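A.B. asks: sharing a model prediction with you, sequence too.
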Amino acid sequence: MSPASSHYDAIVIGGGHNGLTAGAYLAQQGRRVLILEQSDVLGGLAKSQTLESGGTMPRYAHLAYGLSPKVVDELKLSSLAMRTLPTTHLSPDGNHVEVSDQGARFVSGESHPQSAAYESLRHRIRSYSEALAPVMHSAPPDIDAGLGLSALRDLFPLATAGLKLRRQGKDEMREFMRILLLNAYDFILDELDDGPLAGGFAADAVLGAWAGPRSPGTVYALLHRYAVTANATVPVGGMEAIIRALADSATAAGATIQTSARVQSITVANDCVTGVVLEDGSSFGARAVLSSVGPMPSMRLAGKEHFDIETVRRIRHIRAKGTTAKVNLQLKETPVFSGLETRHLGGRLLIAPSVQYLESAFNAVKYRRLPDAPVIEAVVPSAASGTSATAPATLSLVVQYIPYHLDGGWTDAARASLSHRVINTLSSYAPGLEQSIIESEVLTPVDIEAETNAPGGHWHHEELNTDQLLTVRPINGMARYQFGVGGLYLCGASAHPGGDVSGIPGRNSVKQLIRDGGV
Amino acid sequence: MTSKAVQPATGAAANDEVLKGLLPTPFHARLAPLCMNRQWSDWAGFLSADVYDFVEQEYFAVRNAATLYDISPMCKYRIAGPDAENVVNRLVTRDMRKVAVGRVAYSLWCDEAGMLIDDGTVFRLAEDEFYVMCQGRMLSWFQDAAWGYNVSISDESEALCGLSLQGPTTFSLLSAAGLDAVADMRPFDLRQVEPGLWISRSGYTGDLGYELFVAPDEALKLWDRLWEAGRNWGLVPIGSDALDLLRLEAGFIAPGHEFQPVFETERRDRGRTPFELGFGRLVDFNKGHFNGRRALLALKDKPRYHLVKLDIEGKEPADGSYVYVGRGKQVGHTTSAAWSPTTKRNIAIAELKAPYGGKKQDGLWVEIDAIKEGKWMRYSAKATVVDTPFFINQRSRATPPGPF
């Protein structure tokens, strides 16, 4: 029998941004909550690592793409000062394009011939995305529930989205319906010539996804990403500031956070969770367990025998093949990109010089090979987050279209090859970079999965496409956070509305849990 | 097409195979010459006789003598391994831990919404070995159920063939065939009486009977042995038409009649829960999780329908009839109906919308359309709900079975 002190209202598995968000909301609601993190550092996919040379750098995610203003507001994360990062779209011919609040222009200062077309497209995408925002912040409607009062309440956000769009006029509504399931390639190139600007939109549509710009549903993915915040942001102090703010918010409200606590199993009795058992043998009781790891690991923790056969089948067939690797470089000095000034290094650097470039890079991953020229999103963490200039020079690289199931497996040679391709691609923009490298760390999707439990090493925990969205995310029949066993909830990126560092799944799952009367 | 297939058929059996595009069962060489009507149907891709001679004669043979029915086309799945009990228990609604080795259990299995997928008999051969016999193809479903468990699942449908030996003289017949080892077998017992010959005391007729299973290359030997022993016991083969009447008398449901297997329905709500079919006693909520448990728990006390047995006045079978209440409110329809020759009653199984058939059972009547000498006639007939099977006979349960 466990002592009373080890009994909680709710236990959250995973101290990533979603787990911490869930824990903070629960604590804010006066619930006794315990957050368990397997690693010795909080943060999950948004975690930072301390370097030997002092200083830190983001280990996986280096930008907060869709951090929800609602979460920031409701959890009173007032310490967070988010910086919106301008993006510099690198071009092999040196005519890099800078996009900021002032619009698109060449880094040389000349105006870009397509800046008006770019602005117009960006405006369109934003207006569609904003219409989707209410859908993000509520549980997807229960389609089996019929049209009762509670079902109508669930349909409200969806109806709001519809109305917002309808109010823009019949033509706009029709246009929205036309593009919704379209591929990004056609949608973008209808408006823009192929080049770095077009490539930038395409990258926003596919970063993190097992999808090329020509894959169906990539326009929706673009709208989805822009629905919460349309810009890449990073807080002052870096990604760790988000994690720290969430953790502080949770503990200030009374939550207990335990690191290096690997959960071995979720205990179940009479079809309800009763708590968790850790690998070290200690156990905690709780009326509710919220798991921020994916459906498959969550199911394994609770035991497959508690899940219906159809559920198990759907979970087995979730598409979650990570395509994104992370390369972290420690450098002798701040990198120098030809044609860029120091201020550009405080933004996001994107090597996606054309939509076609992305599609070609995706071809390789389809056949489980490495692309010759990968898509790279580069961030100089210290510059982007406004931390001191004395911090060691680092370069954080999100490298796209790196297969989880690499042909031949992830041997040392394969990793070296990946590293080589990345440095090679970068060197054409930043000559001399290679000589400046003190240490480089390659994190393949397989490594990311092993370290974080993110299924397939996928940064959305599960592919964000039309067959795995809204009422069918993470799987058909389980879109409303409750996960089979009574009191068991999913609060991670695999739940609606999905990945990126948004905190919304964590928030929504707690709202649903409380509404269901689970705590 | 091979040259062999286009060659003119020589015998009746060969002709049937070509015409129907169906496979012969291992017993076909014996069955074909006996099938006077040559009225063959498709049962899971195999030739299965509807009637051999007269349906009445076949029916009465089951109630008065001994009969053989070829059940080889039945789908048979073997679930074996350390986790076999867990997997079967996960599939079916009843508690398989309570089914001992050497027993047969009538079982239902449901989808996640609690809708019936199929019913069948589960044979427990050993602690860690089961056979599931049913109408529908279930291999992929069973494999899905077994994911992550230490079991092997195999489709043994064609590796095993079977005969259902039914009727009051069947025990005497088996004794004459040297198989009196079945004497102490109780209903639903299962035993390997000789190497490779499994016998269960079970059936689909409500009468004394056994089901015998052997490998296909033993099929004709088994048939000849029973046929020889059956000379003095009135043995005849029967087809599916007679069986359908027999199972109705015994109150057994049939897929496609009393329920629509949910995998074959286009809309899930066309499926039925075990409670709606009157099988609440076969749903055990205390055994831990099983497929559809959560849905069934929610639906347990809210059946949308009630399946009832009806005794109908008159003698005209109420096949495909609407059921009404009071002055003409339509509340359901019959799913199977026939004149029962043994009980001399006009019987039916009907599905009624709740609460009719449940709390409300009075004032029911059916409308029967029948064609008489070329003229359609419409009758109204009172219907009374019956709680017990129409045909019950002590001999079907006596152990050891009495000689007849």
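C.D. replies: Structure's in. What do you need?
A.B. asks: show me what from the stretch 51-200 of chain B comes close to chain A.
C.D. replies: Counting by Cβ under 8 Å from any Cβ of the partner chain, the stretch 51-200 of chain B comes close to chain A at B:Asn86, B:Arg90, B:Leu91, B:Asp111, B:Glu112, B:Trp141, B:Asp144, B:Ala145, B:Trp147, B:Gly148. C-beta: built from backbone N, CA, C; applies to glycine.
A.B. asks: quick one, phi psi at the last one?
C.D. replies: The one in question is B:Gly148. The phi and psi values for B:Gly148, taken as degrees, to the nearest 10, are phi 90, psi 0.
A.B. asks: in contact with the closest residue to A:Tyr367 other than its chain neighbours, which residues?
C.D. replies: Nearest non-adjacent residue to A:Tyr367, counting by Cβ to Cβ, 6 or more residues apart in numbering or on different chains: A:Asp407, 7.3 Å away. Taking Cβ atoms under 8 Å, 6 or more residues apart in numbering or on different chains as the criterion, A:Asp407 is in contact with A:Tyr367, A:Arg368, A:Arg369.
A.B. asks: so how far is A:Lys366 from A:Asp407?
C.D. replies: Remark: distance between A:Asp407 and A:Lys366 (Cβ to Cβ, to the nearest Å) = 11 Å.
A.B. asks: just list the residues touching the closest residue to chain B within the stretch 251-400 of chain A, thanks.
C.D. replies: At 4.1 Å from chain B, A:Asp308 is the closest residue in the stretch 251-400 of chain A, using Cβ to the nearest Cβ. If a contact means Cβ under 8 Å, 6+ apart, then A:Asp308 has A:Gly484, B:Glu112, B:Asn291, B:Gly292, B:Arg294 as its contacts.
A.B. asks: most neighbours, which of those?
C.D. replies: Greatest neighbour count in the contacts of A:Asp308, by other Cβ atoms under 10 Å in any protein chain shown, goes to B:Gly292: 28 neighbours.
A.B. asks: wait, isn't it in contact with B:Gly114?
C.D. replies: Yes. Between B:Gly292 and B:Gly114 there is a contact at 4.2 Å, judged by Cβ atoms under 8 Å.
A.B. asks: write out the residues of chain A neighbouring chain B.
C.D. replies: When proximity is defined as Cβ under 8 Å from any Cβ, chain A approaches chain B at A:271, A:304-313, A:316, A:477, A:484.
A.B. asks: only whichever of the residues you listed are buried, select them in ChimeraX.
C.D. replies: Listed next is the ChimeraX selection for buried residues among the residues of chain A next to chain B, using 16 or more other Cβ atoms under 10 Å in any protein chain shown:
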select /A:271,304,305,306,307,308,309,310,311,312,313,477,484
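A.B. asks: now, the residues of chain A next to chain B that are in helices?
C.D. replies: The members of the residues of chain A next to chain B that map onto helices under DSSP state H are A:Ile309, A:Glu310, A:Thr311, A:Val312, A:Arg313, A:Arg316.
A.B. asks: for the third one, give me the pLDDT.
C.D. replies: Per-residue confidence for A:Thr311 comes out at a pLDDT of 97.
A.B. asks: residues in contact with it?
C.D. replies: Per Cβ under 8 Å, 6+ apart, neighbours of A:Thr311: A:Met299, A:Ile475, A:Gly477, A:Met478, A:Gly484, B:Glu112.
A.B. asks: what about it, distance to A:Val510?
C.D. replies: From A:Thr311 to A:Val510 the distance is 22 Å (Cβ to Cβ).
A.B. asks: then the last one?
C.D. replies: To A:Val510, A:Arg316 is 28 Å away according to Cβ to Cβ.
A.B. asks: which residues sit in contact with the closest residue to chain B within the stretch 401-519 of chain A?
C.D. replies: Among the residues of the stretch 401-519 of chain A, A:Gly477 lies closest to chain B, at 7.2 Å counting by Cβ to the nearest Cβ. Taking Cβ under 8 Å, 6+ apart, we find A:Gly477 in contact with A:Asp144, A:Glu310, A:Thr311, A:Arg314, B:Glu112.
A.B. asks: spatially central residue in chain A, please.
C.D. replies: A:Asp500 (1.9 Å; Cα atoms, centre = their mean).
A.B. asks: looking at the closest residue to chain A within chain B now. What's its pLDDT?
C.D. replies: Relative to chain A, the nearest point of chain B is B:Glu112 (4.1 Å; Cβ to the nearest Cβ). Per-residue confidence at B:Glu112 stands at 96 (pLDDT).
A.B. asks: likewise A:Leu433?
C.D. replies: As predicted, A:Leu433 sits at a pLDDT of 94.
A.B. asks: in the chain, where is pLDDT below threshold?
C.D. replies: Going with chain A. A:1-5, A:145-148, A:388-390 (pLDDT under 70).
A.B. asks: I was after chain B.
C.D. replies: The model of chain B has pLDDT under 70 over residues B:1-19.
A.B. asks: where exactly do the helices run in it?
C.D. replies: B:3-6, B:12-20, B:28-34, B:55-64, B:84-91, B:139-145, B:170-176, B:219-229, B:240-249, B:293-299.
A.B. asks: from A:Ser127, how far out is A:Ala133?
C.D. replies: 11 Å.
A.B. asks: and the gap between the residue of the stretch 51-200 of chain A found nearest chain B and A:Pro134?
C.D. replies: Closest approach between the stretch 51-200 of chain A and chain B, counting by Cβ to the nearest Cβ: A:Asp144, at 8.6 Å. Per Cβ to Cβ, A:Asp144 is found 22 Å from A:Pro134.
A.B. asks: A:Thr88 now?
C.D. replies: Per Cβ to Cβ, A:Thr88 is found 33 Å from A:Pro134.
A.B. asks: between the two, which one's more packed in?
C.D. replies: Shown here are A:Thr88 and A:Pro134; by other Cβ under 10 Å, A:Thr88 has more neighbours (27 against 17).
A.B. asks: the more surrounded of A:Ala133 and A:Ser127?
C.D. replies: Between A:Ala133 and A:Ser127, A:Ala133 has the larger neighbour count (other Cβ under 10 Å), namely 20 against 15.
A.B. asks: what segments of the stretch 201-350 of chain A are helices?
C.D. replies: Counting by DSSP state H, counting those that start in this stretch, the stretch 201-350 of chain A has helices at residues A:218-228, A:239-252, A:295-302, A:309-316.
A.B. asks: including distance to A:Asp171, could the ones you listed go into TSV?
C.D. replies: Listed next are the helices of the stretch 201-350 of chain A as TSV, based on distance: least, Cβ to Cβ, whole Å:
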stretch	distance to A:Asp171
helix A:218-228	18
helix A:239-252	40
helix A:295-302	40
helix A:309-316	38
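A.B. asks: so what's residue 97 up against?
C.D. replies: No chain was given, so I picked chain A. Going by Cβ under 8 Å, 6+ apart, A:Val97 touches A:Thr88, A:His89, A:Ser91, A:Ala104, A:Arg105, A:Phe106, A:Val107, A:His112, A:Gly195, A:Pro196, A:Leu197, A:Gly200.
A.B. asks: my question was about chain B
C.D. replies: B:Glu85, B:Asn89, B:Lys287.
A.B. asks: what number of residues lie near residue 334?
C.D. replies: All of this refers to chain A. 17.
A.B. asks: if you could check chain B rather than the one you did, that'd help
C.D. replies: So B:Thr334, with other Cβ under 10 Å, has 25 neighbours.
A.B. asks: pretty sure it contacts B:Ala348?
C.D. replies: Yes. The criterion here is Cβ under 8 Å, and B:Thr334 meets it with B:Ala348 at 4.4 Å.
A.B. asks: so what sits against both of the two?
C.D. replies: With Cβ under 8 Å, 6+ apart as the test, B:Thr334 and B:Ala348 both reach B:Leu310, B:Ala318, B:Ser321, B:Val366.
A.B. asks: having no further points to raise, I will conclude here.
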